[in-house]
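Trainee: Here is my input; please provide its structure:
(2 chains)
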Protein chains: 2
Amino acid sequence: MTVIKVALLGFGTVGEGVYSAIHSHQTQLRKLLGKEVEIVAILIRDQTKERKIDANVLVTTNFEDIINIPDLDVIFEAIVGEEPSRSYLLQAIEKGIHVVTANKEMFANHGHELIQRAQQNETKIGFEATTAGGVPIIRTIKQLLQVNRITKIQGILNGTSNFILTEMRERKLSFDKALQLAQKKGYAEADPTNDISGIDAFYKLMILSQLVINQQPNWSEVIIDGIVSITQEQIKQAEKRGQRFKHIAEITFNDHSLVASVQPIIVDSNHPLYSIEGVENAVAIEASLVGKITLQGPGAGKLATASAMIEDFVDIIQHSATKKRLEYQSI
Amino acid sequence: MTVIKVALLGFGTVGEGVYSAIHSHQTQLRKLLGKEVEIVAILIRDQTKERKIDANVLVTTNFEDIINIPDLDVIFEAIVGEEPSRSYLLQAIEKGIHVVTANKEMFANHGHELIQRAQQNETKIGFEATTAGGVPIIRTIKQLLQVNRITKIQGILNGTSNFILTEMRERKLSFDKALQLAQKKGYAEADPTNDISGIDAFYKLMILSQLVINQQPNWSEVIIDGIVSITQEQIKQAEKRGQRFKHIAEITFNDHSLVASVQPIIVDSNHPLYSIEGVENAVAIEASLVGKITLQGPGAGKLATASAMIEDFVDIIQHSATKKRLEYQSI
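Mentor: The predicted model follows:
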């Protein structure tokens, strides 16, 4: 193998980011991996859309075209929703193709299943990009867990709702006006329900829960409360007391129970998430040895999310190379 | 090898933290590494001091006693100052013993040499604990560098000076009173010169520079300015404008030059380090793909620093195990 063959599922903001980052970082990747990275195919939904894709790349609406490519090494998945993503990735894993995903809804629901299948098939799954975009929260938690017990996680995991709360406070906008501004700036979807209701942050919290203790709380027992009902007046009153509304996803890991919630919380200036503003994401982790550490950064965005996915990709290639070397040597 | 034999150099706050963390996390380490971790020896300076150390541990003032222990796997170094640490670690590396250090002055001066020697001897060096205590800044930068170009780093790398500035602002203390308080709380040494002059932060900045681009700026060209001359009045005036004094270590990586400084800077509330208070450390990294990410956490402290050292230790054992397996398989 002198070339690493990859395919992209989805060519929205994130898929396009991966495409352009692989192109712009080709030299660096070659130096790091000792091989050329070639994007051989892209799965799209709408064939009529104009896209800037090299002519030698297979652009298709049919997943079969992709899964049947010989010697495909890695699939980057950046679609939205549970299905057909889950089925696609299961097929990929069955064929020994590694997977890097940014799909939080799918991964919150089926991450455990995918990881188990991947282990059985000796393939790898990267999911850094599912949670907090470019903030390296997944690998930091994995690393901490080697010697720390994690007792609590609090995060601002949705940039859209944090942006709205920030604008309502700083510019005295109503909720509706702040949401419109978020949409105008490209921070919110045409249908922003999942962002403002807390569902999006909830998915990410469930992914973190699975990562930390290999289980999730009973979904029906998690309080999920959005930011829709917060008024200008409430925000003004809080600010008078030096406090801010933050939309916080929180999970506490006890020996016998898991308590999780996503809700607007009024925080003081000494709270680690008080100063997280605009579309930023942040995660505060409490751990047995290290104490409290906080990571902050871009929770979304084309290149930030692509960066997380390509870091996963590099890890996967470097580790699977070791595996192949071992197999070779043991022959 | 059914036991991993380790020795500690130094039994101050950090050394004691490593000792107690290894004891309290024995089960976890055994599960992770498949072996018992045994602290076989500790190098101390003052034999008359009372210490709580198990009777079967060799406690000695003579490094020869330690370097001559058969099959010693790893040395944890938590002494202060360049020498004799450098010489000790070079001897360890020559004998194929892995090294984990928390010694920033030594590592800023001799890290490059030690890493080169270690590579020649196929041993490993962990230095996460040299910079920002429990904040996983070294491994985050290493990870980012796989696909990002890092363009700038700004950090609050000294908890003592940040604590003093915070107390001067919040409690209207004079510099001297705030320093006394830091000493009373155990945050500052009896001789706090390196902390308040910026030298301590400078060492850490040089370690980061070496890590990012494998070189350091000319030390004589780095502006190093402490916090001694900052007055109550200046802090009050800044606060009236909504600004704060922060003691910031900063380095910019350009194609042709390296510009570094450690100095008090007046920052606005939108600066990523504005809200870092008390003894906390934080590092803001600007990188080509991911944008800006900030890591915050305990910059010092017994268990936080020990956590960083033990994470390095686990990485080393896991990687050297792979190496030994490979050697074994290729026989």
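
Trainee: For the rest of this, base every contact and every neighbour count on C-alpha atoms.
Mentor: Noted.

Trainee: can you pull the contacts of A:Val6?
Mentor: Neighbour list for A:Val6: A:37-41, A:72-76 [criterion: C-alpha atoms under 8 Å, 6 or more residues apart in numbering or on different chains].

Trainee: same thing but 7 Å
Mentor: Contact partners of A:Val6, counting by C-alpha atoms under 7 Å, 6 or more residues apart in numbering or on different chains, are A:38-40, A:72-75.

Trainee: Same question for A:Val14.
Mentor: A:78, A:302, A:305-306.

Trainee: Generate a PyMOL selection restricted to the buried subset of the contacts of A:Val6.
Mentor: PyMOL command restricting the contacts of A:Val6 to the buried ones, with burial defined by 16 or more other C-alpha atoms under 10 Å in any protein chain shown:
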select buried, chain A and resi 39+40+72+73+74+75
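
Trainee: What count of nearby residues applies to A:Met106?
Mentor: A:Met106 sits with 20 neighbouring residues when counted by other C-alpha atoms under 10 Å in any protein chain shown.

Trainee: ok but it is inside a helix, no?
Mentor: Yes: applying DSSP: H, G, I helix; E, B strand; the rest coil, one finds A:Met106 inside a helix.

Trainee: wait, isn't it in contact with A:Glu82?
Mentor: Yes: between A:Met106 and A:Glu82 there is a contact at 4.1 Å, judged by C-alpha atoms under 7 Å.

Trainee: Show me which residues of the stretch 201-331 of chain A are close to chain B?
Mentor: Within the stretch 201-331 of chain A, the positions near chain B by C-alpha under 7 Å from any C-alpha of the partner chain are A:275, A:289-297, A:303-304, A:307, A:311, A:326, A:329-330.

Trainee: Mark which of those are buried, thanks.
Mentor: Listed as buried from those are A:275, A:289-297, A:303-304, A:307, A:311, A:326; burial here means 16+ other C-alpha under 10 Å.

Trainee: Strands along chain A, start to end?
Mentor: Shown for chain A, the strands assigned by DSSP state E span residues A:3-9, A:36-43, A:58-60, A:74-77, A:98-101, A:125-126, A:150-156, A:223-224, A:244-253, A:258-267, A:280-287, A:291-298.

Trainee: can you give me the mean pLDDT across the third one?
Mentor: Per-residue confidence for strand A:58-60 averages out to 97 on the pLDDT scale.

Trainee: One more: the last one?
Mentor: Average pLDDT, strand A:291-298: 96.

Trainee: I would like the residues contacting that strand, please.
Mentor: The contact list for strand A:291-298 (C-alpha under 7 Å, 6+ apart) reads A:133-135, A:280-286, A:304, B:135, B:292-297, B:304.

Trainee: Same check on the fourth one?
Mentor: Contact with strand A:74-77 is made by A:5-10, A:97-102, as judged by C-alpha under 7 Å, 6+ apart.

Trainee: can you give me the helices in the stretch 151-300 of chain A?
Mentor: According to DSSP state H, counting those that start in this stretch, the stretch 151-300 of chain A carries its helices in the segments A:159-170, A:175-184, A:193-197, A:199-213, A:232-240.

Trainee: The contacts of strand A:74-77 into JSON lines, with extra columns for pLDDT and distance to A:Lys236?
Mentor: JSON lines is the format used below for the contacts of strand A:74-77 (pLDDT from 0 to 100; distance: C-alpha to C-alpha, whole Å):
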{"residue": "A:Lys5", "pLDDT": "97", "distance to A:Lys236": "54"}
{"residue": "A:Val6", "pLDDT": "98", "distance to A:Lys236": "51"}
{"residue": "A:Ala7", "pLDDT": "98", "distance to A:Lys236": "49"}
{"residue": "A:Leu8", "pLDDT": "98", "distance to A:Lys236": "46"}
{"residue": "A:Leu9", "pLDDT": "98", "distance to A:Lys236": "44"}
{"residue": "A:Gly10", "pLDDT": "96", "distance to A:Lys236": "42"}
{"residue": "A:Ile97", "pLDDT": "97", "distance to A:Lys236": "53"}
{"residue": "A:His98", "pLDDT": "98", "distance to A:Lys236": "50"}
{"residue": "A:Val99", "pLDDT": "98", "distance to A:Lys236": "46"}
{"residue": "A:Val100", "pLDDT": "98", "distance to A:Lys236": "43"}
{"residue": "A:Thr101", "pLDDT": "98", "distance to A:Lys236": "40"}
{"residue": "A:Ala102", "pLDDT": "97", "distance to A:Lys236": "36"}
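
Trainee: Distance to B:Val18 for these - can I get that in CSV?
Mentor: Formatted as CSV, the contacts of strand A:74-77 follow (distance: C-alpha to C-alpha, whole Å):
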residue, distance to B:Val18
A:Lys5, 45
A:Val6, 44
A:Ala7, 46
A:Leu8, 45
A:Leu9, 46
A:Gly10, 47
A:Ile97, 41
A:His98, 38
A:Val99, 38
A:Val100, 36
A:Thr101, 37
A:Ala102, 37
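
Trainee: Show me the shaky parts of chain A.
Mentor: Chain A contains residues with pLDDT under 70 at A:1, A:321-331.

Trainee: Of the helices of the stretch 151-300 of chain A, give the one that comes closest to A:Arg139.
Mentor: Each of those has some distance to A:Arg139 by C-alpha to C-alpha; the shortest is helix A:199-213, at 10.1 Å.

Trainee: if we can go back for a sec, please report which of the contacts of A:Val14 has the highest neighbour count.
Mentor: Most neighbours among the contacts of A:Val14, by other C-alpha under 10 Å: A:Ala306, with 30 neighbours.

Trainee: So that one sits against A:Glu16, correct?
Mentor: No: counting by C-alpha under 7 Å, A:Ala306 does not reach A:Glu16; the two are 8.5 Å apart.

Trainee: Now do the contacts for the nearest residue to A:Ser197 once chain neighbours are set aside.
Mentor: The shortest distance from A:Ser197 to any non-neighbouring residue, by C-alpha to C-alpha, 6 or more residues apart in numbering or on different chains, is to A:Gly226 (3.8 Å). A:Gly226 makes contacts with A:196-198, A:263-264, as judged by C-alpha under 7 Å, 6+ apart.

Trainee: Now, of the residues you listed, which are buried?
Mentor: Applying a neighbour-count criterion of 16+ other C-alpha under 10 Å, the buried members of the contacts of A:Gly226 are A:196-198, A:263-264.

Trainee: Closest one of these to B:Glu250?
Mentor: For the buried ones among the contacts of A:Gly226, the nearest to B:Glu250 is A:Pro264 (35.4 Å; C-alpha to C-alpha).

Trainee: Just give me the neighbour total for the residue nearest to A:Ile276 when sequence neighbours are not counted.
Mentor: Nearest residue to A:Ile276, sequence neighbours excluded (C-alpha to C-alpha, 6+ apart): A:Ala282, at 6.9 Å. Using other C-alpha under 10 Å, the number of residues around A:Ala282 comes to 29.

Trainee: Then A:Val262?
Mentor: 26.

Trainee: now swap in the one 5 residues further on and tell me
Mentor: For A:Val267, the tally of surrounding residues (other C-alpha under 10 Å) stands at 19.

Trainee: my guess is it meets A:Ile276, correct?
Mentor: No: A:Val267 is beyond contact range of A:Ile276, at 11.4 Å (criterion: C-alpha under 7 Å).

Trainee: list the contacts for the residue in the stretch 1-150 of chain A positioned nearest to chain B?
Mentor: Proximity of the stretch 1-150 of chain A to chain B (C-alpha to the nearest C-alpha) peaks at A:Gly134, 5.6 Å away. A:Gly134 makes contact with A:297-300, A:304-305, A:307-308, B:290 under the criterion C-alpha under 7 Å, 6+ apart.
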